[in-house]
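Visitor: Return atomic coordinates for the entry below.
(4 chains)
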There are 2 protein chains.
Amino acid sequence: MPGSSSERGPRERMVFSAAQLIRRDGVAATGMREVAEHAGAPRGSLQHYFPGGKRQLVGEAVDWAGRYAGNRVARFLAELSRTGTPTPSGLFAAMVRQWTEEYEAGGYGTGCPVAAATTECAATDADTRRAAATAFATWTAPVAAALTDMGVPATRAASLATLMISALEGAILIARAEQDSRALTTVVAELAPLLDGAAAPG
Amino acid sequence: MPGSSSERGPRERMVFSAAQLIRRDGVAATGMREVAEHAGAPRGSLQHYFPGGKRQLVGEAVDWAGRYAGNRVARFLAELSRTGTPTPSGLFAAMVRQWTEEYEAGGYGTGCPVAAATTECAATDADTRRAAATAFATWTAPVAAALTDMGVPATRAASLATLMISALEGAILIARAEQDSRALTTVVAELAPLLDGAAAPG
DNA sequence: GCGCTACTATGACCGCGGTCATAGCGGCCC
DNA sequence: GGGCCGCTATGACCGCGGTCATAGTAGCGC
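Guide: All right, here's what the predicted structure looks like:
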């Protein structure tokens, strides 16, 4: 977890806390007061920093999550480059491993905040829905870019990036329900040859 | 949509309505009174049929969704068998098509109720979480069985079934966020060769 | 020191929603 | 026809939670 608490201003901490709580309990079950308390921020700051109310806070939490996921991809790539030549399956394995490690260490209490925002708000709140869409986009883009760098044709790179994130999101769901990381390890194992096959020219 | 309203008893209708509303708005945002009204059932019947309260109703809605998804698989297989020899990619395409058709016809307002229950309840409600896990199981099992029937080795069949459902769930998420069925058609296109490759012996 | 701006502090309001309590009603059996 | 049971009807309770109003404080420039 990044900047996991004190440093940074209270505003940013509240956005971060909102994302954390949404990850665990969903949007509706996450209260504003709860966010402030979790962030160690004064309750009065809520209406000051987020005059748009809960919608705004949730929106920024979703944005934050999207940027965070995108940045992680860059870190994974850097890490993979240090130890050898990055492969599509290696990248995907790194993305998934983040979840398996978290789950096996700390339990299956948390999911993806973007997924939560989508399932709960897509039908009723257009702004939040849009925020989720752009979050997925800012997550998918670096993945697709990385794939092209590895030799995947540009047209397929975007498709494979979507497939990777779809499979990851779905496996997260199943893993949480089953409280078992089986689904996560399964998708990475089954998808590996397909991903690496696309990288080899021809 | 099955038995889409009047026939069947009020109890079953309420379970069905609960699943519908959860699909659209999530668990927390779905009210008991709303369920009764949507089902055209008297409010007083709620505490009579579901003395366990909302937890019980949600649990049964999740169970129902799992059974429904499992039964759909059987129907898809029957349909595919009528027009030719079923293939793994054909089955997956049929599963996904159900969603693309619904989305393109009626908008992107609804998702998977099991997904909603998982994201919102997994951390706090063990019973609902278990219900979601068994729902995924009763959905995955017929898919895996179908794959083995098509010549996929038993060990891989279960894995591929999990991959299919993961990819589908994730693509549903992205499609709802983007209000575009692109993600759904993408995963079916990209996964097709992998799935059919597993069916060919060797 | 005055005043302005950024931030904090609280309490109140008000609707929503799950749950409980209590009572009415319609059959069906004996 | 009396009683029991499956079902319905309603109203009340009560906590939660988002939002608003209103006021207080701290720093800083002039």
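Visitor: When you work out contacts or count neighbours from here on, use the C-alpha atoms and nothing else.
Guide: OK.
Visitor: wait, what's in contact with residue A:64?
Guide: Residue A:64 sits next to A:15-16, A:19 when contact means Cα atoms under 8 Å, 6 or more residues apart in numbering or on different chains.
Visitor: Nearest to residue B:96 among those residues?
Guide: residue A:19 (30.1 Å; Cα to Cα).
Visitor: Check whether the closest one sits in a helix, strand or coil.
Guide: Recorded secondary structure, residue A:19: helix (DSSP: H, G, I helix; E, B strand; the rest coil).
Visitor: quick one on the thing from earlier: out of the contacts of residue A:64, give me the one that has the most neighbours.
Guide: Neighbour tally across these (other Cα atoms under 10 Å in any protein chain shown): the maximum, 29 neighbours, falls on residue A:19.
Visitor: That residue: what's it in contact with?
Guide: A:58, A:61-62, A:64-65, A:113.
Visitor: And for residue A:186?
Guide: By Cα under 8 Å, 6+ apart, residue A:186 lies in contact with B:159, B:162-163.
Visitor: does it belong to a helix or a strand, and which?
Guide: Taking DSSP states H and E as the definition, one finds residue A:186 inside helix A:182-199.
Visitor: And the helix or strand harbouring residue A:62, what's buried?
Guide: Residue A:62 belongs to helix A:53-83 when elements are defined using DSSP H and E. Across helix A:53-83, burial judged by 16 or more other Cα atoms under 10 Å in any protein chain shown covers A:54-70, A:72-73, A:76-77, A:80.
Visitor: Okay, now the unreliable bits of chain A?
Guide: For chain A, the stretches flagged by pLDDT under 70 are A:1-7, A:200-202.
Visitor: Skip the chain neighbours and tell me the closest residue to the residue nearest to the spatial centre of it.
Guide: Nearest to the mean C-alpha position of chain A, by Cα atoms, centre = their mean, lies residue A:69 at 4.6 Å. Nearest residue to residue A:69, sequence neighbours excluded (Cα to Cα, 6 or more residues apart in numbering or on different chains): residue A:139, at 5.6 Å.
Visitor: in which helix or strand would I find the one you found?
Guide: Secondary structure (DSSP H and E) places residue A:139 in helix A:126-149.
Visitor: tell me what that helix is packed against?
Guide: Counting contacts by 3 or more Cα pairs under 8 Å, 6 or more residues apart in numbering or on different chains; DSSP states H and E, helix A:126-149 is packed against helix A:53-83, helix A:113-121, helix A:154-178, helix B:154-178.
Visitor: who in chain A is up against DNA strand C?
Guide: For chain A, the residues in contact with DNA strand C (Cα under 7 Å from any atom of the strand) are A:10, A:41-45, A:47-48.
Visitor: Restricted to helices, list those residues.
Guide: Counted as lying in helices by DSSP state H, out of these, are A:10, A:45, A:47-48.
Visitor: How about the residues of chain A by DNA strand D?
Guide: Neighbours of DNA strand D within chain A, by Cα under 7 Å from any atom of the strand: A:28-33, A:44, A:47, A:51-55.
Visitor: Please convert the buried members of the residues you listed into PyMOL selection syntax.
Guide: Buried residues among the residues of chain A next to DNA strand D (16+ other Cα under 10 Å), as a PyMOL selection:
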select buried, chain A and resi 28+29+30+32+54+55
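Visitor: Dump the residues of chain A next to DNA strand D into TSV; add distance to chain B as well.
Guide: Shown next, in TSV, are the residues of chain A next to DNA strand D (distance: Cα to the nearest Cα, whole Å):
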residue	distance to chain B
A:28	6
A:29	7
A:30	10
A:31	12
A:32	16
A:33	18
A:44	26
A:47	23
A:51	23
A:52	20
A:53	18
A:54	15
A:55	15
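Visitor: which of the residues of chain A next to DNA strand D lies closest to residue B:85?
Guide: Distance to residue B:85, by Cα to Cα, is smallest for residue A:28 among those, at 46.0 Å.
Visitor: which phi and psi does residue A:31 have?
Guide: Main-chain torsions, residue A:31, degrees, to the nearest 10: phi -90, psi 150.
Visitor: and stretch A:190-202 with chain B, contact?
Guide: Yes: with Cα under 8 Å from any Cα of the partner chain as the measure, stretch A:190-202 is seen reaching chain B through A:190, A:194.
Visitor: From the chain's centroid, how far away is that stretch?
Guide: What separates the centre of stretch A:190-202 from the centre of its chain is 24 Å, taken as Cα atoms, centre = their mean, to the nearest Å.
Visitor: Which positions within it qualify as buried?
Guide: Buried positions in stretch A:190-202, judged by neighbour count with 16+ other Cα under 10 Å: A:190-192, A:194-196, A:198-199.
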